[in-house]
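Chemist: Give me a 3D structure for the following:
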Amino acid sequence: MAESYTYIPDLRAHTQITPGGILSQTIQNDERSKTVLFGFAPGQELSAHTAPFPAMLVFLKGEATLRLGADEKEAVEGSFAYMPPYLEHGIKAKSDVVMLLIMIKK
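Modeler: Residues are numbered from 1 along each chain as shown. This is a model prediction of the structure:
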C-alpha cells in the first residue's frame, strides 16, 4: 500500500490574508497529528486558550506578539515555539501573519 503524503511547495503562497480576519486551513490530519495553516490580518488575535496536547508554532511571515504562559514574545518570520499540553497561549498579529500550527495527538 502506498503511503499518503501532503506536499505544498510554498506555505506562504498557499494561505490567504482576509482583510480584518483570520483564516485557518487544515492541511494535514491523521491519528497522530494535525497541521493547520493560519493567515492573520494586522490587529487580529486568537485570545488566550489552552489545548490538551503538545503543539508547535512556526511563523512563516509577518510579526506578532505571542503569549506563552505568563510570558510575551515577539514572533517574526522564522520564529518557532513548542508548547506543552495545557500551556495558556495567544497570538496578536502586528502585520499580515502566516503561521503554521502542528498539534501532536496522543
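Chemist: So, low pLDDT: which residues of the chain?
Modeler: With pLDDT under 70 as the threshold, the chain has low-confidence stretches at 1-2.
Chemist: again, 90 this time
Modeler: By pLDDT under 90, the weakly predicted segments of the chain are 1-5, 16, 106.
Chemist: so where do the strands sit in it?
Modeler: 22-29, 33-40, 45-49, 55-61, 63-68, 71-76, 80-83, 89-93, 97-104 (DSSP state E).
Chemist: wait, which of these is closest to T15?
Modeler: Taking Cβ to Cβ, strand 33-40 is the member of the strands of the chain nearest to T15, at 4.1 Å. In short, each C-beta sits where N, CA and C put it, glycine included.
Chemist: From the contact counts, what lies against the closest one?
Modeler: Applying 3 or more Cβ pairs under 8 Å, 6 or more residues apart in numbering; DSSP states H and E, one finds that strand 33-40 contacts strand 22-29, strand 97-104.
Chemist: Please name the residues that touch the nearest residue to Y82 once chain neighbours are set aside.
Modeler: For Y82, the nearest residue in space outside its immediate sequence neighbours is M56; the separation is 5.3 Å by Cβ to Cβ, 6 or more residues apart in numbering. By Cβ atoms under 8 Å, 6 or more residues apart in numbering, the contact set of M56 is F80, A81, Y82, M83, L101, I102, I104.
Chemist: farthest-separated two in those residues?
Modeler: F80 and I104 (14.5 Å).
Chemist: if you count what's nearby, which of those two comes out ahead?
Modeler: The residue with the greater number of neighbours, taking F80 and I104 and applying other Cβ atoms under 10 Å, is I104; the counts read 13 against 10.
Chemist: related to what we said a few turns ago, are any of the contacts of M56 buried, and which?
Modeler: Using 16 or more other Cβ atoms under 10 Å as the burial test, those include A81, M83, L101 as buried.
Chemist: could you redo these as TSV and give each row distance to E72?
Modeler: As requested, these are arranged in TSV below (distance: Cβ to Cβ, whole Å):
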residue	distance to E72
A81	12
M83	14
L101	19
